[in-house]
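Engineer: I would like to see how this sequence folds:
(2 chains)
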Amino acid sequence: MHKYLSIVRKDFLLLIRDRAGLAILFIMPAALVFIMTLLQDSSFRAVEESRIPIIFVDYDNDTIGHAIRAGLTESRFFEIHELPEIDPSKKKAQEKLLQQADFK
Amino acid sequence: MAQHPIIKISNLTKIYKNSSDRAIDGISCSIYPNEIFGLLGPNGAGKTTMISILCTLLHPSSGDVLIDGLSLSTHGNKIKNIIGIVPQDIALYPKLTPFENLSFYGSLYGLKGQNLKNIINDYCEKFGIARNKHNISELSGGMRRRINLTAGILHRPKILFLDEPTVGIDVQSKKLILDYLHEINNNGTTIFYTSHYMEEAESLCSRIAIIDKGKIIAKGSPHQLIESDENCKNLEELFLRLTGRALRDL
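Structural biologist: Residues are numbered from 1 along each chain as shown, chains lettered A, B, ... in the order given. The predicted model follows:
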């Protein structure tokens, strides 16, 4: 035990007298934490600020459809686009546009 | 000598990984209590490998060593308690003061408290070491060498291994170190010593072995070795005759 204590004492003395070593020991991890925080913050922000555009077509027009719409609207991750009233005569053409994701 | 050897090396071989050369090639040798045994050789001859094995820092590829009757392969930890090591390179922490360094090394050998402080103070006084004034990095080469030596002898070891202990120091420091080695040898410490300084080895050692390419090529007292070749007047001449003049560390 005495030997281990003297090794600890020796290493402690060496550490506190080595200014460059001390700087590396404390400043480097602090810099790493700072840089990682910035990186993570920007990536979180990118995720939070970007919303996935979706178009909601509700042929059901009943409680389940309404519940799904309400859920998607409440979520921060989706941007819901409304379709104009479906003209029965142009339904096929509109469906084709939807399949091509051209709904604007 | 009728005494039992304190170090008995039997057919010791060391081959490093990724090398086909034998750094130590089947060396057998005995070192007796109270000897100052010198191991001399050119660069790369195997001196440091040999001393590292004897100090339990390296495992031999084959062969065994008995130190004070304990086998190196099975009693490494017990052996560490009875030996002291003074390495070739300064093994001190540059940012610590001499006292902090010596306290650390002393505590590794189990010394503590006031006893450790007293021992450090004694050595600091003997070797003219400023205990707490400066860090090691601010001290002269001679002072560092003296502290390096002190770190290896704090626990008063039975056997002391010295790997070129007087490299790069002034005459005064060298004299102080060599006088102290004589003193502890007179008090019963066996010394195993390597060096490139032939004159120093000639005056310090009771027996010398010359090693080259991992093998002992000559062994005996300095006097016996010099007399073994009538063309040689001193150890340096004999050394050059035995090991050649070609550079070894190219």
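
Engineer: what's near enough to touch the closest residue to B:F99 other than its chain neighbours?
Structural biologist: Leaving aside its sequence neighbours, B:F99 sits nearest to B:R131 (CB to CB, 6 or more residues apart in numbering or on different chains; 4.2 Å). (Glycine included, C-beta is placed from N, CA and C.) Contact analysis of B:R131 by CB atoms under 8 Å, 6 or more residues apart in numbering or on different chains lists B:T97, B:P98, B:F99, B:I120, B:N121, B:C124.

Engineer: please redo it, this time with the cut-off set to 6 Å
Structural biologist: Contacts for B:R131 (CB atoms under 6 Å, 6 or more residues apart in numbering or on different chains) come out as B:P98, B:F99, B:C124.

Engineer: Closest one of those residues to A:S6?
Structural biologist: B:F99 (12.9 Å; CB to CB).

Engineer: Where does chain B get nearest to chain A, which residue?
Structural biologist: B:S107 (3.7 Å; CB to the nearest CB).

Engineer: Which residue, neighbours along the chain excluded, lies closest to that residue?
Structural biologist: A:S6 (3.7 Å).

Engineer: Now name the helix or strand holding B:S52.
Structural biologist: B:S52 belongs to helix B:47-54 when assigned by DSSP states H and E.

Engineer: For that helix, name the packing helices and strands.
Structural biologist: strand B:159-163 (3 or more CB pairs under 6 Å, 6 or more residues apart in numbering or on different chains; DSSP states H and E).

Engineer: Partner strands of the strand it packs on and their direction?
Structural biologist: Within its sheet, and counting by DSSP bridges, strand B:159-163 is paired with strand B:83-86 (parallel), strand B:190-195 (parallel).

Engineer: what's downstream of that strand, the next helix or strand?
Structural biologist: helix B:171-186.

Engineer: can I get the strands paired with strand B:159-163 in JSON lines with distance to B:D170?
Structural biologist: As requested, these are exported to JSON lines (distance: least, CB to CB, whole Å):
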{"stretch": "strand B:83-86", "distance to B:D170": "18"}
{"stretch": "strand B:190-195", "distance to B:D170": "16"}
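
Engineer: Touching, B:G106 and B:L116? I think so.
Structural biologist: Yes. The criterion here is CB atoms under 6 Å, and B:G106 meets it with B:L116 at 4.6 Å.

Engineer: where do the strands sit along the chain?
Structural biologist: No chain was given, so I picked chain A. A:52-55, A:78-81 (DSSP state E).

Engineer: actually chain B
Structural biologist: B:7-14, B:24-31, B:36-40, B:62-67, B:70-71, B:83-86, B:159-163, B:190-195, B:207-212, B:215-220.

Engineer: Columns mean neighbour count and mean pLDDT on top of the ones you listed, output as CSV?
Structural biologist: Formatted as CSV, the strands of chain B follow (neighbours: other CB atoms under 10 Å in any protein chain shown; pLDDT from 0 to 100):
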stretch, mean neighbour count, mean pLDDT
strand B:7-14, 19, 94
strand B:24-31, 19, 92
strand B:36-40, 25, 94
strand B:62-67, 18, 93
strand B:70-71, 14, 93
strand B:83-86, 22, 93
strand B:159-163, 24, 93
strand B:190-195, 24, 92
strand B:207-212, 23, 92
strand B:215-220, 16, 91
